[in-house]
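Peer 1: Turn this into a structure:
(2 chains)
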Amino acid sequence: MPSAEERIAEFAPGWSWNVRRCMATDWAVNYAVEQGDPALRNQLIAVTLETTAAAYRALAEGAAKAAAIVSGRTGG
Amino acid sequence: MASFGPRRHPAPATGRDASAHAAPDVVLIGYQDQGNLGMGYLAAVLRQHGRVVDMIDIREGPERIAARLASRPPLIIGFSLIFQYFLPQYRQLAKRLRDVGINSHFTIGGHYPSLCHDEILQGFPEIDSVVRYEGEFTLLNLVEQLSIASDWRQTPGIAYLNDGQVVVTEPRSLVQDLDALPLPYRPYQPEQIGGFATLPLLASRGCARRCSFCSIHTFYRTAPGKVVRVRKPAKVVEEMLHLHNTYGVRVFLFQDDDFPLWGKVGRRWADELADRIRDSGLTDRTVWKISCRGEYVDRELFSNLRDAGLFLVYMGIESGVEQGLKVLNKEMTVQENLAAVQTLKQLGILFSYGFMLFDPSSTFASVRENTGFLRQIVGDGAAAATFCRMLPYGGTPIRDLLQQEGRLRGDLTHPDYDFLDRRLNDYHRLFNQAVGPWIHNEGISNELNYAWDELETVRRLVPGIHGLDAYTTALRSLTKESNEKLFQLVEESTLAFERGDNSLLDPAAVRIYCEQIESRLISMRNDFVAENIYLLKDASANGANRPVMAPQIH
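Peer 2: Coordinates of the predicted model:
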């Protein structure tokens, strides 16, 4: 005798258990990454750090330029 | 061709499609969860103006996307970014695309890029421009400028870097007449709830509230133009009929920021919408879900909406503690939220909710108080318990406040904060690891709530179903059991942690428990479906003109 799951798969596969999942939360993303390939996780962390570092570097450069302008050290 | 899922519908008659021989003008890349209406509207406007548009789900991964685009790079690649924590994935993709020699204009849009365009431009050097706020006509202008090799930097509504300095052009007004927009481009197979096709749509844009944790109101208020814009009920129903007739959609998911039910005007609008849905004949064939504030839940109004097919209401409840509601600037009381839940239960309308068990004002005591509130609303098993931690996203007032207080932590893509009681930082870290299998995206609470959604659509759309009451009772009992176990874990583990004992936060034990609940859920659900297999198969194949069953009062 086929199981309930087998009956569904045979006669109405559209009704097989298939939960809709939404990746709309950071918890979901983090958890998915943790469950996945460690290499992917390392790659994402590397890109995160690089992106953050680039932003802070640019902001620091911006502050330095502003300070230079305020102190009259440049013509800008 | 679009790229969402293995099965595709033919594209509508407007616009042209990217063929194997012609490079598209624009390729839009983003997450395609529950449809992506933002990309759908962008693509629709571009297509309306004769542009060739392709859409790609970012989850295809950098290698596949790069391979697809390298041979025929488009004029523009537009990245649709909603939340900043996805930024690393977009950056990784953009780098890969540049590495394989794609020199298209890279632009990015969405809430975070619009509000924090400087952070994007400084930290994401592959990006040429940011399309700020509602992007339909800005992106169209950008394509027009680039296609004639004109100076795209004059395009209103963008930001870009010029010699290392951020330049912001004149802001573009929000779209004032939503009904003037074409319907979203949806060249993909609808997702399903049970065996029923489901697609998202919008009846409005904008939110008049000012919740401190949310960037939506900042997004709309910073751009010129009226913040809340509502479509005509007749046009909304026209789209519903189109989706039903074209895609066989039986379950509509309204994704409005705040479904427009506020005040007398909102009530009149909603009554007209309900009347028009009934007049169209959709009530017998379809159901729909909305997201709104609890204060709108009025017995008479929602009774009318229920009779027109409303089956599920999502509410941003967020806190069960007055102090939490105040910090989050919800402008609602605990009692108002409780009353809304009670009314929905009495009307036989399913509800789901957003809830921040942890917010910047949290203490161990308030976490327990919040848990008590959750027990009040879902302790009976009416829905599965879910919750999260408030995070200080870019463009939100609470991020600025936390920064002023010196409590902002994390980085650009994963902003975070310290609790006032620093021990709660440690507790939350352990708690998050332990309760993952319960409340995260693939957790048992999500599965239980999915089962409730499916059950309610079956109740409404499939008359004569067998074993409905027994399955309802069993599902409620299982949900109640799971919820109570979770509540006990929160209450007991917080008390124990305050005493220095973290042994209750045991990920292995939680995982085993959740697997048991999942096994029981799938077993009872499959038995119910298998018992009704022919009825359900018939209903999902052609379910037109079937009467809606009267919702149960519980």
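Peer 1: So for the closest residue to B:K480 other than its chain neighbours, what's the pLDDT?
Peer 2: Nearest residue to B:K480, sequence neighbours excluded (Cβ to Cβ, 6 or more residues apart in numbering or on different chains): B:G381, at 3.1 Å. In short, each C-beta sits where N, CA and C put it, glycine included. Model confidence at B:G381, given as pLDDT, is 98.
Peer 1: next one: phi and psi at B:G381?
Peer 2: Main-chain torsions, B:G381, degrees, to the nearest 10: phi 80, psi 20.
Peer 1: go on, B:D469?
Peer 2: With angles defined as degrees, to the nearest 10, B:D469 sits at phi -60, psi -40.
Peer 1: Can you check what pLDDT the model gives it?
Peer 2: 97.
Peer 1: For B:R459, see how far away it is.
Peer 2: 10 Å (Cβ to Cβ, to the nearest Å).
Peer 1: Tell me which of these two has more neighbours.
Peer 2: The neighbour count for B:D469 versus B:R459, taken as other Cβ atoms under 10 Å in any protein chain shown, is higher for B:R459 (23 against 11).
Peer 1: so which helix or strand takes in the more buried one?
Peer 2: Using DSSP states H and E, B:R459 falls within helix B:444-461.
Peer 1: what bridges to B:Q192?
Peer 2: Beta-bridge pairing of B:Q192 under DSSP bridges involves B:A197.
Peer 1: Could you measure from it over to B:G110?
Peer 2: Counting by Cβ to Cβ, the gap from B:Q192 to B:G110 is 27 Å.
Peer 1: who's more crowded, those two?
Peer 2: B:G110 (24 against 18).
Peer 1: what residues are up against the closest residue to the more buried one other than its chain neighbours?
Peer 2: Leaving aside its sequence neighbours, B:G110 sits nearest to B:L81 (Cβ to Cβ, 6+ apart; 4.2 Å). By Cβ atoms under 8 Å, 6 or more residues apart in numbering or on different chains, the contact set of B:L81 is B:30, B:87, B:90, B:108-110, B:112-113.
Peer 1: ok, B:L81 to chain A distance?
Peer 2: 12 Å (Cβ to the nearest Cβ, to the nearest Å).
Peer 1: backbone phi and psi for that residue, please?
Peer 2: Dihedral pair for B:L81: phi -110, psi 120, per degrees, to the nearest 10.
Peer 1: ok, it to B:C116 distance?
Peer 2: From B:L81 to B:C116 the distance is 11 Å (Cβ to Cβ).
Peer 1: B:A541 now?
Peer 2: Distance from B:A541 to B:C116, counting by Cβ to Cβ: 48 Å.
Peer 1: higher neighbour count, those two?
Peer 2: Set side by side, B:A541 and B:C116 show more neighbours around B:C116, with 21 against 11, by other Cβ under 10 Å.
Peer 1: Using CSV, write down the CA coordinates of stretch B:129-145.
Peer 2: As requested, the backbone C-alpha atoms of stretch B:129-145 are provided in CSV (Å, rounded to 0.1, in the frame of the first residue of the first chain):
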residue,chain,number,x,y,z
SER,B,129,25.4,55.0,-10.4
VAL,B,130,22.7,54.7,-7.8
VAL,B,131,19.1,55.1,-8.9
ARG,B,132,17.4,56.7,-5.9
TYR,B,133,13.8,56.2,-4.7
GLU,B,134,11.2,54.9,-7.1
GLY,B,135,13.2,54.1,-10.1
GLU,B,136,10.9,53.5,-13.0
PHE,B,137,11.4,56.7,-14.9
THR,B,138,15.0,57.3,-13.7
LEU,B,139,16.1,54.0,-15.1
LEU,B,140,14.3,54.7,-18.3
ASN,B,141,16.0,58.0,-18.6
LEU,B,142,19.4,56.4,-17.9
VAL,B,143,18.9,53.9,-20.7
GLU,B,144,17.8,56.6,-23.1
GLN,B,145,20.9,58.7,-22.3
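Peer 1: Next, see if that stretch gets close to chain A.
Peer 2: No. Figure legend: stretch B:129-145 not in contact with chain A (Cβ under 8 Å from any Cβ of the partner chain); closest approach 13.8 Å.
Peer 1: Quick one: mean pLDDT over that stretch.
Peer 2: So the average pLDDT for stretch B:129-145 ends up being 97.
Peer 1: Same check on stretch B:478-495?
Peer 2: Mean per-residue pLDDT for stretch B:478-495: 98.
Peer 1: Also stretch B:29-46?
Peer 2: 90.
Peer 1: Over to it now: how far is its first residue from its last?
Peer 2: 15 Å (Cα to Cα, to the nearest Å).
Peer 1: Could you list the buried residues of that stretch?
Peer 2: Across stretch B:29-46, burial judged by 16 or more other Cβ atoms under 10 Å in any protein chain shown covers B:29-46.
Peer 1: Now do the same contact list for the residue lying closest to B:I398 once chain neighbours are set aside.
Peer 2: Among residues not flanking B:I398 along the chain, B:S212 sits closest, at 4.2 Å (Cβ to Cβ, 6+ apart). Contact partners of B:S212, counting by Cβ under 8 Å, 6+ apart, are B:327-329, B:396-398, B:401.
Peer 1: if we can go back for a sec, which among the contacts of B:L81 gets closest to chain A?
Peer 2: Distance to chain A across these (Cβ to the nearest Cβ) is lowest for B:L87, with 6.2 Å.
Peer 1: Do I have it right that that closest one meets B:F124?
Peer 2: Yes. Counting by Cβ atoms under 8 Å, B:L87 touches B:F124, with 7.3 Å between them.
Peer 1: With neighbour numbers in mind, choose between the two.
Peer 2: B:L87 (26 against 23).
Peer 1: for the helix or strand hosting that one, the distance to its chain's centre please.
Peer 2: Secondary structure assignment for B:L87, by DSSP H and E: helix B:87-99. The chain centre lies 24 Å from the centre of helix B:87-99; the measure is Cα atoms, centre = their mean, to the nearest Å.
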